[in-house]
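From the sequence below, what's the structure:
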Amino acid sequence: MRWGLAPARLLNTLALFFLVHLAFVRWPRLFVWPPLALLGRHSLAVFSAHVATAYVLFAFPQYVSSTLAQAWLGTAIMLAVLFGVALLSEPKQVKWTPKVGQDGSLIQTQNNDPNVKETTSAQSRSESQSWS
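So this is what the prediction gives:
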């Protein structure tokens, strides 16, 4: 009796996948969520932390799975660790403060290293005009 339903279930699953695909194509911004993007950018570190955290949580089931409140506690610990690892893996933003050189052009120093110097587009334009 159940074997007769297999083709209908397969067709239903394919139709569902097709509708989800159409939704992704038609409204892609609906499926973008910045916290998930953060986890995705650091997926290897997040996965590794997830495995280690799961081992620790499963080693002490009496603290994280005996009651519903403890199960939520285990979930909260896992999410905190995953987002913590992702945030720590995020590259730090370099602050840029404009500095003026002796000739009046702007000079950008990276990482506060006075030996590394980049010029602005105004200085690059003056150099490129001298080449022509």
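
then the helix or strand encompassing Y63 to CSV, C-alphas only?
Element membership for Y63, per DSSP states H and E: helix 61-64. Written as CSV, here are the backbone C-alpha positions of helix 61-64 (Å, rounded to 0.1, in the frame of the first residue of the first chain):
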residue,chain,number,x,y,z
PRO,A,61,24.5,15.4,29.6
GLN,A,62,23.2,15.8,33.1
TYR,A,63,23.8,19.6,32.8
VAL,A,64,22.5,20.3,29.3
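
Can you pull out the low-pLDDT segments for this protein?
Within the chain, the segments meeting pLDDT under 70 span 1-3, 94-101, 104-132.

element containing the residue nearest to Y63 when sequence neighbours are not counted, please.
Using Cβ to Cβ, 6 or more residues apart in numbering and skipping the chain neighbours, the partner closest in space to Y63 is Q70 (6.4 Å). Every C-beta, even on glycine, is put in place using the N, C-alpha and C of the backbone. Element membership for Q70 (DSSP H and E) is helix 68-89.

contacts for that helix?
35, 38-39, 41-42, 45-46, 49-50, 53-54, 57, 63-65 (Cβ atoms under 8 Å, 6 or more residues apart in numbering).

Among the residues you listed, which are located in helices?
Counting by DSSP state H, the contacts of helix 68-89 place 35, 38-39, 41, 45-46, 49-50, 53-54, 57, 63-64 in helices.

re earlier: any idea how many residues pack against the residue nearest to Y63?
14 (other Cβ atoms under 10 Å).

separation between it and P61?
For Q70, the distance to P61 equals 9 Å [Cβ to Cβ, to the nearest Å].

Same question for A37.
For A37 relative to P61 (Cβ to Cβ), the value is 33 Å.

about what we covered before: okay, buried residues for the helix holding Q70 please.
Counting neighbours by 16 or more other Cβ atoms under 10 Å, one finds that the buried residues in helix 68-89 are 74, 78, 81-83, 85-86.

okay, the angle between that helix and helix 34-41?
60 degrees (axes from the mean of the first three to the mean of the last three Cα atoms, to 10 degrees).

nearest to A6, of the buried residues of helix 68-89?
Relative to A6, the closest of the buried residues of helix 68-89 is M78; by Cβ to Cβ it sits at 36.5 Å.
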